[in-house]
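>>> fold the following.
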Amino acid sequence: QVQLVESGGGLVQPGGSLRLSCAAAGSIISIYVKGWYRQAPGKQRELVVDCTRGNSTNYADAVKGRFTISREHAKNTVYLQMNSLKPEDTAVYYCNADLKRYPFTNYVNYWGQGTEVTVSS
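Down below sits the predicted model:
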């Protein structure tokens with residue numbers, strides 16, 4: 001079964017760091033990560049990192065300079081390194097990607113199940 005699986009969330013103190021992972025599982029030929037999103041309690045889902053604009057990566061102002069996305073192509077995995085975390089970063093984080101599944105030639109959009117991040121002392 002093809003799916004996106006996020007992991008790495010947890011409870012961290014303000015100023016701490018976490019690294020989230022988004023891995024494509026199943027018979028995947030290629031992955032095109034479109035972005036990371038988050039949804040805080042009682043709020044709408046918001047875009048944190050936008051990877052859809054060619055070769056550039058655009059970060060939301062709220063996380064710029066603190067969050068960094070990286071990729072490990074051999075593992076079909078994308079990471080979100082989050083540093084200097086703040087209580088307002090508390091949310092469920094989701095990755096969104098287009099996956100090309102074997103033996104098909106088209107891409108299909110997938111969302112992960114989300115991983116919860118809580119920043120609190």
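
>>> let me see the confidence value for the residue sitting furthest away from the middle of the chain.
Here the chain has its C-alpha centre computed as a mean, and the residue farthest from that point, by CA atoms, centre = their mean, is Pro103 with 25.7 Å. Looking at Pro103, its pLDDT stands at 91.

>>> wait, a strand at it?
No - counting by DSSP: H, G, I helix; E, B strand; the rest coil, Pro103 is located in no strand; its state is coil.

>>> need phi/psi at it.
phi -100, psi 30 (degrees, to the nearest 10).

>>> could you measure from it over to Tyr94?
To Tyr94, Pro103 is 28 Å away according to CB to CB, to the nearest Å. Where C-beta positions appear, they are placed from N, C-alpha and C, glycine not excepted.

>>> do Lys64 as well
Summarising the geometry, the distance separating Lys64 from Tyr94, computed by CB to CB, is 19 Å.

>>> give me the more crowded residue out of those two.
Tyr94 (21 against 10; other CB atoms under 10 Å).
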